[in-house]
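Visitor: coords below, sequence missing:
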Ligand code: NAD
């Protein structure tokens, strides 16, 4: 019996059933509710990884199939290995423009030829019932096209951060997924990471009083000139798009409120010949409704990785903050004693769980749209040298 023939209790085929669920909730999402994101209450609820550990693996035939699009360092270094340990989804397809990767990874991950596509045959995924979710892991400016084509093929989508290189693209992605009745989520893996979940709880639930101010930064030294990351057309910008987005996200999920305005600057470049198309370093300050400020910084010429929030009664601090492991956090009371976990497997399983059980993603496309508005406003402010007010209506 093929997967598509397997009938669930309501009499739909598995594929129809998933689609039916998505249509039911797809249009109901309201953007302003996205200020906070995932809520965790460590007094009453276990962290996501604890809930996940208690869940049974679905039988292999019931796991949702994920196809990775763009077989670069993140897809094949992190996501494909993580999909060997997921409970509700599995690696079922590959999309690549490089024939040698078809052969290499097809063999390594035992993917049948029928589930391997290139960028021309991509739309034919519509006819492949082994693939339920498409995970877009391409350079940033390609996210919109491949997300929209995935939606038009009737597949649910996970799109890597940064969601898009323009607000218009991000909105078109959300609209396309709503129109097709498929779910869209963004690869915000730290929403499933216990140190960050604890910071969300401390900030949003005002465990040590309201947040008074924040300071976050993520930077690494980029020296290779042959990277799409410094090509404005493909990357949409420099370090802000690549890693600064994590610092913006941290401020957003610690505060749990939409910002009123932003002011930003790009200091003079030390290597203008390398960073001729994108910023080398950028700094910004978001202002929130209570007057709280979140300063942030990102750079391709330095190295830092932290998030700090002061509250009326103390502080919380994560450093290193944004890696795949090795995260450490503390408050004025001492170390936050939670483990490092496999973020990608939790993130992908959480999305599969949402698709299977008709739940809303904790990191939906609308959150990516919100963040794209913030990133674009940061650039606009830096360019104009003036404060930009947000319109969240
Ligand atoms: P990468 O350069 O290693 O991989 C990009 C892939 O896209 C390659 O396989 C390349 O062949 C393919 N590609 C297709 N068309 C291309 C084109 N025109 N130019 C360049 N490459 C093209 O990049 P990566 O580090 O894997 O990043 C891919 C995406 O994943 C980016 O959006 C990035 O922001 C995101 N990412 C997310 C995380 C995370 O922790 N969530 C980590 C790394 C990267």
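Guide: Thanks, I have the structure now. Note that this is a predicted model, so its numbers are computed, not measured.
Visitor: Check what pLDDT the residue of the stretch 101-250 of the chain found nearest the ligand gets.
Guide: When scored by Cβ to the nearest ligand atom, the stretch 101-250 of the chain has residue 160 as its residue closest to the ligand, at 3.8 Å. Just so you know, the C-beta spots here come from the backbone N, C-alpha and C atoms, and that holds for glycine as well. pLDDT, residue 160: 98.
Visitor: Then residue 31?
Guide: 38.
Visitor: and if you look at the one 3 residues further on?
Guide: pLDDT, residue 34: 57.
Visitor: now swap in residue 191 and tell me
Guide: As predicted, residue 191 sits at a pLDDT of 94.
Visitor: can you confirm it is in a helix?
Guide: Yes: Residue 191 forms part of a helix when assessed by DSSP: H, G, I helix; E, B strand; the rest coil.
Visitor: Number of residues surrounding it?
Guide: Burial of residue 191 is recorded as 24 neighbouring residues (other Cβ atoms under 10 Å).
Visitor: Quick check: residues of the chain near the ligand?
Guide: Within the chain, the positions adjacent to the ligand are 70-75, 97-98, 137-140, 160-161, 187, 189, 228, 234, 242 by Cβ under 6 Å from any ligand atom.
Visitor: how about the helices in this protein?
Guide: For the chain, applying DSSP state H gives helices covering 14-26, 48-54, 73-74, 80-82, 99-108, 143-152, 167-180, 194-204, 232-235, 239, 245-255, 343-357, 365-384.
Visitor: what's near enough to touch residue 369?
Guide: Contact analysis of residue 369 by Cβ atoms under 8 Å, 6 or more residues apart in numbering lists 31, 163, 167, 170, 171, 173, 174.
Visitor: nope, residue 323 is what I was after
Guide: By Cβ under 8 Å, 6+ apart, the neighbours of residue 323 are residue 305.
Visitor: how far away is it from residue 242?
Guide: For residue 323, the distance to residue 242 equals 14 Å [Cβ to Cβ, to the nearest Å].
Visitor: ditto for residue 384
Guide: For residue 384, the distance to residue 242 (Cβ to Cβ) stands at 23 Å.
Visitor: the more surrounded of these two?
Guide: Each of residue 384 and residue 242 has its neighbours counted (other Cβ under 10 Å); residue 242 has more, 24 against 10.
Visitor: which residues in the stretch 1-150 of the chain form strands?
Guide: For the stretch 1-150 of the chain, strands defined by DSSP state E, counting those that start in this stretch occupy the ranges 64-69, 89-95, 116-117, 133-136.
Visitor: coming back round to it: mind giving me JSON lines with the contacts of residue 369 and columns for neighbour count?
Guide: Below are the contacts of residue 369 laid out as JSON lines (neighbours: other Cβ atoms under 10 Å):
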{"residue": "31", "neighbour count": "16"}
{"residue": "163", "neighbour count": "31"}
{"residue": "167", "neighbour count": "17"}
{"residue": "170", "neighbour count": "28"}
{"residue": "171", "neighbour count": "17"}
{"residue": "173", "neighbour count": "29"}
{"residue": "174", "neighbour count": "22"}
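Visitor: ok so, going back, just the buried ones out of the residues of the chain next to the ligand, please.
Guide: Buried members of the residues of the chain next to the ligand, counted by 16 or more other Cβ atoms under 10 Å: 70-71, 74-75, 137-140, 160-161, 187, 189, 234, 242.
Visitor: which residues does residue 69 bridge with?
Guide: Per DSSP bridges, the residues bridged to residue 69 are residue 95, residue 136.
Visitor: so what's it up against?
Guide: Applying Cβ under 8 Å, 6+ apart to residue 69 gives the contacts 75, 95, 122, 134, 135, 136, 137, 138, 146, 150.
Visitor: per-residue confidence at the fourth one?
Guide: Right, residue 134. 99.
Visitor: and it, how many neighbours?
Guide: Neighbourhood size, residue 134 [other Cβ under 10 Å]: 26.
Visitor: Is it in contact with residue 154, as I believe?
Guide: No: in this structure residue 134 lies outside contact range of residue 154 using Cβ atoms under 8 Å: 10.1 Å.
Visitor: my guess is the residue of the stretch 101-250 of the chain closest to the ligand contacts residue 137, does it?
Guide: Yes: look at residue 160 against residue 137 with Cβ under 8 Å: they come within range, at 5.1 Å.
Visitor: Overlap of the contact sets of the two?
Guide: Jointly contacting residue 160 and residue 137 under the rule Cβ under 8 Å, 6+ apart are 74, 187.
Visitor: tally of neighbours for residue 385?
Guide: Neighbour count of residue 385, defined by other Cβ under 10 Å: 9.
Visitor: Now do the phi/psi pair for it.
Guide: phi 70, psi 30 (degrees, to the nearest 10).
Visitor: Can you read off the pLDDT for it?
Guide: pLDDT, residue 385: 98.
Visitor: do the same with residue 252
Guide: Residue 252 carries a pLDDT value of 95.
Visitor: Over to the one 10 residues further on?
Guide: Note for residue 262: predicted pLDDT of 98.
Visitor: if I pick it, what's in contact with it?
Guide: So residue 262 contacts 284, 285, 286, 287, 374, 377, 378, 381, 387, 388, 390 (Cβ under 8 Å, 6+ apart).
Visitor: For residue 170, see how far away it is.
Guide: 17 Å.
Visitor: ok, the residue in the chain positioned nearest to the ligand - contacts?
Guide: Nearest to the ligand in the chain, going by Cβ to the nearest ligand atom, is residue 72, at a distance of 1.7 Å. If you count contacts by Cβ under 8 Å, 6+ apart, residue 72 has them with 137, 138.
Visitor: What about the contacts of residue 262, which one has the most neighbours?
Guide: residue 378 leads the contacts of residue 262 on contacts (other Cβ under 10 Å) with 29 neighbours.
Visitor: low pLDDT regions in the stretch 101-250 of the chain?
Guide: For the stretch 101-250 of the chain, no stretch has pLDDT under 70.
Visitor: one more time with 80, if that's ok
Guide: For the stretch 101-250 of the chain, the stretches flagged by pLDDT under 80 are 226.
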